[in-house]
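[1] Return atomic coordinates for the entry below.
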Amino acid sequence: MAKKLYWAYVSFVDQPGGKERPVLYVRENQDSYFVYRLTTKFANKSPQIQKNYFEILDWQAAGLPQKSWIDRGRINKLPRATTKLRHIGELTTHDIKRLAAFKS
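    Just a heads-up that it's a prediction; the model follows:
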């Protein structure tokens, strides 16, 4: 199960550009990292989008600067050649078990 959190540059889905944001590392292959984006924006999202968001209860123990959610709606593919992952921390055992049981 994925548990490592990193900072990485992630492109926006609906417009040009992107930003440095926390991500949950899932796996990698020769060319890419596969990650879920984390977000601090939950309340202003539609119920349809919110159902894909997994709340990290132990966000401080994981090393995150503020309350965060994992966006399970889409896995993001980041090119290894140009992506620098900077380690933040890891999900707690409690959140890992909850994530394994999470169904969006």
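
[2] Could you report the neighbour count for residue 54?
    Here the number of neighbours of residue 54 (other CB atoms under 10 Å) works out to 20. Using the backbone N, CA and C atoms, a C-beta is placed for each residue, glycine as well.

[3] Poorly predicted segments of this protein, please.
    Along the chain, segments meeting pLDDT under 70 span 1, 104.

[4] Go through the longest strand belonging to it and flag the buried ones.
    Of all the elements of type strand in the chain, the one with the most residues (DSSP state E) is strand 18-28. Burial within strand 18-28, assessed by neighbour count using 16 or more other CB atoms under 10 Å, is assigned to 21, 22, 23, 24, 25.

[5] Can you name the residues in contact with the host helix or strand of residue 88?
    With elements delineated by DSSP states H and E, residue 88 resides in strand 86-90, which encompasses its position. For strand 86-90, the surrounding residues in contact (CB atoms under 8 Å, 6 or more residues apart in numbering) are 3, 4, 5, 6, 7, 8, 22, 61, 62, 63, 64.
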